[in-house]
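Trainee: What follows is a predicted structure for the sequence shown.
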Amino acid sequence: MTTQTPRTRRLTRKQRRLTLIAAAGCVLGVALGLVLYAMNDTILFFNSPADVQARNVQPGTRFRLGGLVKEGSVKRSDGQQVVFEVMDAQSAIPVRYQGLLPDLFREGQGIVAEGVLEASGVFRADSVLAKHDENYMPREVADALRRQGHWQGEEKASQQAEQ
Amino acid sequence: MMIWIILLAMTAAAVMAVLWPLSRHGAISRQVDPNTQFYREQVAEIDRDRDRGALLPAEAEAAKAEAGRRLLRASHAADTMLDAVGEPALRRRRAASTLALSVIPILALAVYGGLGSPHILERLGRVPVTGQEARTDIGSAVAQIEAHLATNPQDGRGWEVIAPVYLRMGRMDDAVKAYEAALRHLGPDAARLANYGEALVIARDGLVSKNAQTAFEKAVELDPSSAKARLYLARAAEQDGRIGKAREDYAAILTASPTDAPWVPLVREQLARLDGQQAAVASPLDNEAIAGMVASLASRLESQGGSVDEWARLVRSYAVLGQRDKASAAALKARQALAKDADGLKAIDTMTRELQLTNATP
Amino acid sequence: MLVEAGHFALALALGLSLIQFIVPLWGTRANDPVLMSVAPTTALAVLACIAFAFVALTVAYVTSDFSVLNVVENSHSTKPLIYKISGVWGNHEGSMLLWVLILSFFGGIVAIARDSIPARLQANTLAIQAAITLAFLAFILTTSNPFDRVVPAPADGQDLNPLLQDLGLAIHPPLLYVGYVGFSISFAFACAALIDGRIDAVWARIVRPWTLTAWAFLTLGIAMGSYWAYYELGWGGWWFWDPVENASLMPWLAGTALVHSTVVMEKRDSLKVWTILLAILTFSLSLLGTFLVRSGVLTSVHSFAVDPERGTFILGILVVFIGGSLALFAWRAPRLQQGGVFAPISREGALVLNNLFLATACATVFIGTLYPLALEVMTGEKISVGEPFFNLTFVPLIVPLLLLLPFGQTLAWKRGNLLGAAQRLYAALGLSLLLTIVVFAFTHDGPVAAPLGIGLGTFLILGSLNEIVTRSWTKGGDWAVMRRKAFGLPRSAWGSAIAHAGVGLTVIGIAATAWDVETLGTLRSGERLGVGPYEARLERIVPRREANFREDVATLTILRGGQELGTVDTMKRLYVTRGMPTTEAGIMTRGLSQIYVSLGEIQPDGSLGMRLYYKPLVLLIWLGAVVMAAGGALSLTDRRMRIAAPAKSRRLPANPLPAE
């Protein structure tokens, strides 16, 4: 503005504007770089057991596995070690998990597990989610199953107040 | 009809909210222009800051000069002409009034007419809710009351009327719910509580559940002479295996009732049955199946432990089977298993006292 | 009767909003004060109608009127009264009604404040406000009617989702909505300014209290939601980068930027166009949040396509308001009088930097939240963008912002001196570094992030304190004078110092989560499990029955060094009506730290699965947010915020302490 003190270097309007634009450019550039880098590195794909076979997912890949917990497949052992199978209409994959299972984990319930496929074909999960709502299928699971014509669940899930 | 009058009044009030300001032509007070006000205050604040020493006098002068320039600019802008009088203004006002008078009622009534359910209330007017039309068949009467309750679910009387009808029709769960609703809206009362408990008992095929027992206990609390509640409590005691207590209760009802009371024969019958039953229970041969179940319960409790209720059931079962020493032993074991549970211990102790298992307390 | 009248009141409000939208705009076009004066009374009438409808619905809930479908679906006669009331907004229809109630409530306040807002600005603002109300009322009435009836009425209801039967969640949505909807006022003011082509410091000063109120409530709402997730979901996590959470974080970030940019506008009469754009963007993000949460796209893109009515309607509202306001912006903004450009090294320069970082951080959250949805819609590929993504993008943008924050606070308006500012911060900087080193020395085998974060948080707190101290510093160090000077500082200065200190507290709390300890184990009665410096001993597990659920309660004694500190209960509940199990975590608070116990499954052999956490300083996360909101509230009470209050104290030199 009009008042300038002698102590600051006098920048012309143009210079000031340029400083601002340069700063904005730097921050946005860095942000863009980070986003692109993160997109490559941190994003997890979702697979149903059928997808794992169809896409030939390599052992060691991290991904999210979703499907129904196969009836009668849940086996617990010491130290809260749990082994169960996640299935869809076409195939099933054994899952090993250590830790507390969510409240809604039951046989026949839709779940999403996050973890790594081992060379032995067992999926080692480090988290298991079953969303906290009785008519809520994890959405990936619902969509995957619907695609396979396996689940005709009520559409009410969409109306559920989820706040 | 009433509803339409209310809705009409609401509409009138809403339209008035629009028409009222339109009718106050000249009365618009010229407010102090907040624009210039702001800069005046800003100047005043600069002065205060300077007086306080927060600003140097030179800085204050510069800041004031700038605020003053803005003030000048703002007061120029404030002088735009307001166009509030004359023929065009009057026409605008009329047009706006017409708009309000038409849009508000038409839109509101159209939307409400399309989505609302005023007919629910009309039907309410036509349904008389009295028991007088006893000649109409029971189905349509129930339907009528249900329709009434649909619109007036707070009508506890209605619920109370329909509950025994449900009971007679065999719709036990509905009867229970109806009594619950009646209790909720009319408040607890000995007879109502007793009826509610009875419905619960019937719904559970004669078993006096915990809920039912609570209802009866409350009823007796409110009215100690409530025969129905006391009868069911006695039956509860019997079902718990506390035969002695049941017999005492029945006897107490008999002594408290006038000899011509309608339930007296029933109570007598119960007492007689109890005396006979005790003889039967005493013989172990008749109770092989029961004994087997009790044994399996005992072994499970001993190996894995269990809840207070389960231990209590075991002790009672032995007592009913007449195996009093086993009952005492079970009570002792229960005391050990529940050593950390003060409430549980108390429950076991009370029971041993009731069953007169003298050697069960250490 | 009441229910029907409430329903009709909503329809009336629809008609009134239409009038409130048309007539005042016409008035400002024609410059007719009478037409403009329709706006306030109509706004109050709309408020009265919606409030009546809300009361009618609440009464239906409280009296358990099961002829109303909404009550049947979300209430139960055995539910405690408080949850009957909170059930009103614990569902889609009722929460939308609450949304418009708050919207019209804010409109009502604008209407009452007639002496402080120029008539034209008020008329235009209320007209825009009415347009929003109109759109949402139409949405409620046609797709989400809370007054739908069922005949015959069922005897009892289906109960509220048990997860929502919680005190925290009873007040979380209202807080959040006051935040979301409060930004609609800033939005309406921005559009009004664009319509009139006039914007200046007066505008900024009128808008700032609204923005600040909305921001403070949103801060509390987000903190509340986070704490709820922490104790209710039983995983001990407090932020999941879940789309629903991000939906509230984005308007918060944009709103934080807006709060700061209006300061520049008020003080320096510049940054105008950006502030207008920011006001529009902030509310657009609020609308986006409402869309994400309410339309069901998050539950399933597919189900959105199957039941498109609601989603499409909100999407329509979204497009009309965001598109419309941005078009208005593109058309009118070039005509606005530009403000000055200023020196990069100055308070306003620092605030621009703040806006830059916040807006960019907001953009990364936006991408992380919407990219998976967009990808799924376009390719059908499903991906999950979770914590790792945001740690890599959001955190590196926020950390420099926080590091620079104390410097910006210290810089003077107009012409700053970076070296001078740094000198004034020597003490704060030195102390924070020292603390970092000391903490690191004590925990050198622990994670590095914790001491660094704690140092940063301390720097923020000391920097804020420093601001107050240096501004009231007197040579010679006379305490009485200094104290008087400190209390003589404007409340907005105190408010901003406190809010920034709150940021510091939250940062410390977050940093300390690196020290969290988690133990898993199975326990029988009497057995112990250690977690950090504590131990937990399982005492017993007892079944219990309450009005609408039954539960197994495990009681644990917490010990430290063999000494008993007390007991905590953790429950596994089954809500009978819905057949839905939940876990209630047991939490013991020790100072600012917590021991968190979560009950797992009961094993066949009778032992209990148990998850224990020791969470040092975890309470600071939410405490910091509360302090931030308190700072905002204090700033709100600043005298200079109250516009055109009759100029009572103008030039009263007799007043010894002028800036109370």
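Mentor: In hand now; what should we look at?
Trainee: which SS state does residue C:559 fall under?
Mentor: strand (DSSP: H, G, I helix; E, B strand; the rest coil).
Trainee: I'd like to know the beta-bridge partner residues of it.
Mentor: Judged by DSSP bridges, the bridge partners of residue C:559 are residue C:535, residue C:564.
Trainee: contacting residues around it?
Mentor: Applying CB atoms under 8 Å, 6 or more residues apart in numbering or on different chains, we find residue C:559 in contact with C:528, C:534, C:535, C:536, C:537, C:565. Every C-beta, even on glycine, is put in place using the N, C-alpha and C of the backbone.
Trainee: ok, and the most crowded of these?
Mentor: The most crowded member of the contacts of residue C:559 is residue C:536, carrying 26 neighbours; neighbours defined as other CB atoms under 10 Å in any protein chain shown.
Trainee: nearest spatial neighbour of that residue, skipping sequence neighbours?
Mentor: residue C:556 (4.6 Å; CB to CB, 6 or more residues apart in numbering or on different chains).
Trainee: go on, residue C:68?
Mentor: Distance criterion CB to CB, 6+ apart; nearest residue to residue C:68, sequence neighbours excluded, is residue C:60 at 4.8 Å.
Trainee: So for that neighbour, what's the pLDDT?
Mentor: The predicted local distance difference test score for residue C:60 is 93.
Trainee: of the contacts of residue C:559, closest to chain B?
Mentor: Minimum separation from chain B among those (CB to the nearest CB) is found for residue C:537, which lies at 11.6 Å.
Trainee: that older thread, is it true that the residue nearest to residue C:536 lies in a helix?
Mentor: No - Residue C:556 is assigned strand when assessed by three-state DSSP, not a helix.
Trainee: Where does the prediction get shaky in chain A?
Mentor: Residues of chain A that meet the criterion pLDDT under 70 lie in A:1-11, A:79, A:104, A:131-163.
Trainee: So the longest helix anywhere in it, near chain C or not?
Mentor: Ranked by residue count and defined by DSSP state H, the top helix of chain A is helix A:13-41. Yes - applying CB under 8 Å from any CB of the partner chain, one finds that helix A:13-41 is in contact with chain C at A:13, A:16-17, A:19-20, A:23-24, A:27-28, A:30-31, A:34-35, A:37-39, A:41.
Trainee: of these, buried ones?
Mentor: Using 16 or more other CB atoms under 10 Å in any protein chain shown as the burial test, the residues of helix A:13-41 next to chain C include A:16, A:19, A:20, A:23, A:24, A:27, A:31, A:34, A:35, A:38, A:39 as buried.
Trainee: contacting residues around residue B:341?
Mentor: For residue B:341, the residues meeting the contact criterion (CB under 8 Å, 6+ apart) are B:308, C:540, C:542.
Trainee: Who are the contact partners of residue C:507?
Mentor: Taking CB under 8 Å, 6+ apart as the criterion, residue C:507 is in contact with C:402, C:453, C:456, C:457, C:460, C:624.
Trainee: mind listing what the residue lying closest to residue C:265 once chain neighbours are set aside touches?
Mentor: Leaving aside its sequence neighbours, residue C:265 sits nearest to residue C:204 (CB to CB, 6+ apart; 3.7 Å). Contact criterion CB under 8 Å, 6+ apart gives C:262, C:263, C:265, C:266, C:275 as the residues in contact with residue C:204.
Trainee: try 10 Å this time
Mentor: Residue C:204 is in contact with B:38, C:189, C:193, C:211, C:261-269, C:271-272, C:275, counting by CB atoms under 10 Å, 6 or more residues apart in numbering or on different chains.
Trainee: which one among the residues you listed gets closest to chain A?
Mentor: The closest of these, once distances to chain A are taken by CB to the nearest CB, is residue C:268, at 7.7 Å.
Trainee: what's around that closest one, how many residues?
Mentor: By the criterion of other CB under 10 Å, residue C:268 has 21 neighbours.
Trainee: again, but for residue C:323
Mentor: Using other CB under 10 Å, residue C:323 is surrounded by 11 other residues.
Trainee: center of chain A - which residue?
Mentor: Nearest to the mean C-alpha position of chain A, counting by CA atoms, centre = their mean, stands residue A:44 at 5.6 Å.
Trainee: related to what we said a few turns ago, who are the packing partners of the longest helix of chain A?
Mentor: Counting contacts by 3 or more CB pairs under 10 Å, 6 or more residues apart in numbering or on different chains; DSSP states H and E, helix A:13-41 is packed against helix C:347-379, helix C:387-410.
Trainee: Adding distance to residue A:95, mean pLDDT and mean neighbour count as columns, could you present the ones you listed in CSV?
Mentor: What follows is the helices and strands packed on helix A:13-41, written out as CSV (distance: least, CB to CB, whole Å; pLDDT from 0 to 100; neighbours: other CB atoms under 10 Å in any protein chain shown):
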stretch, distance to residue A:95, mean pLDDT, mean neighbour count
helix C:347-379, 23, 91, 20
helix C:387-410, 21, 92, 19
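Trainee: quick one, domains of the chain?
Mentor: Unless you meant another one, I'm taking chain A. A:12-43, A:45-152 (automatic domain parsing).
Trainee: looking at chain C here, not the other one
Mentor: Domain assignment for chain C, taken from automatic domain parsing, gives C:1-165, C:200-389, C:425-514+C:632-640, C:517-615.
Trainee: most packed of the ones you listed?
Mentor: Counting by mean count of other CB atoms under 10 Å in any protein chain shown, domain C:1-165 has the highest mean neighbour count of those, with a mean of 23.
Trainee: CA atoms only for stretch C:50-69, dumped as CSV, please.
Mentor: Coordinates of the C-alpha atoms in stretch C:50-69 are reproduced here as CSV (Å, rounded to 0.1, in the frame of the first residue of the first chain):
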residue,chain,number,x,y,z
ILE,C,50,-39.5,-25.4,10.8
ALA,C,51,-39.1,-25.2,14.5
PHE,C,52,-42.8,-26.2,14.9
ALA,C,53,-42.3,-29.2,12.6
PHE,C,54,-39.2,-30.2,14.6
VAL,C,55,-41.1,-29.9,17.9
ALA,C,56,-43.9,-32.0,16.4
LEU,C,57,-41.6,-34.8,15.4
THR,C,58,-39.9,-34.6,18.8
VAL,C,59,-43.2,-35.0,20.5
ALA,C,60,-44.0,-38.0,18.4
TYR,C,61,-40.7,-39.6,19.5
VAL,C,62,-41.2,-38.7,23.2
THR,C,63,-44.7,-40.1,23.3
SER,C,64,-43.7,-43.1,21.1
ASP,C,65,-46.3,-42.4,18.5
PHE,C,66,-45.9,-45.4,16.3
SER,C,67,-48.2,-44.3,13.7
VAL,C,68,-45.3,-42.2,12.4
LEU,C,69,-43.0,-44.5,10.2
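Trainee: What parts of the stretch 151-300 of chain B come near chain C?
Mentor: Residues of the stretch 151-300 of chain B found near chain C (CB under 10 Å from any CB of the partner chain) are B:151-154, B:159, B:162, B:166, B:173-178, B:180-181, B:183-185, B:210-211.
Trainee: low pLDDT regions in the stretch 101-250 of chain B?
Mentor: Within the stretch 101-250 of chain B, the segments meeting pLDDT under 70 span B:120-141, B:169-170, B:205-206, B:241.
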